[in-house]
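J.: only geometry, no sequence info:
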């Protein structure tokens, strides 16, 4: 089940964030204002999701694997969605 959630989070992180918002208390307990979750939801949803996982499951301790996870999440969020085809004319 956790692996299915990870795959779904990589495919559609905004859906997972909405499910966490409505079904759990994670976002309401981690953020004191609505600004940061809203900006994360709009701009970098995978990074927000990894940040919430680190805060919840790792107790906010940024060791090797959480740091690797956040770097991968930032790369996923910043990568171009469609890719680019390099054609010579």
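T.: Perfect, thanks for sending it. Model, not experiment: these values are computed from the prediction. Residues are numbered from 1 along each chain as shown.
J.: quick one: contacts for the residue positioned nearest the centre of the chain?
T.: When C-alpha atoms, centre = their mean is applied to the chain, the residue found nearest the centroid is residue 46 (2.3 Å). By C-beta atoms under 8 Å, 6 or more residues apart in numbering, the contact set of residue 46 is 9-10, 13, 73, 76-77. Where you see a C-beta, it was placed from the backbone N, CA and C, and this is true even at glycine.
J.: next, the buried residues of the lengthiest helix in the chain.
T.: In the chain, with assignment by DSSP state H, the single longest helix is helix 64-78. For helix 64-78, the neighbour count (16 or more other C-beta atoms under 10 Å) marks 66, 69-70, 73, 76-77 as buried.
J.: same question, stretch 27-37
T.: Buried, per 16+ other C-beta under 10 Å, within stretch 27-37: 27, 31, 37.
J.: gap between the first one and residue 34?
T.: Read it as residue 27. 9 Å (C-beta to C-beta, to the nearest Å).
J.: which residues in this structure form helices?
T.: Using DSSP H, helices in the chain cover 2-11, 13-23, 26-30, 35-43, 45-57, 64-78.
J.: possible to save these as TSV with mean pLDDT?
T.: Shown next, in TSV, are the helices of the chain (pLDDT from 0 to 100):
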stretch	mean pLDDT
helix 2-11	74
helix 13-23	88
helix 26-30	83
helix 35-43	90
helix 45-57	91
helix 64-78	92
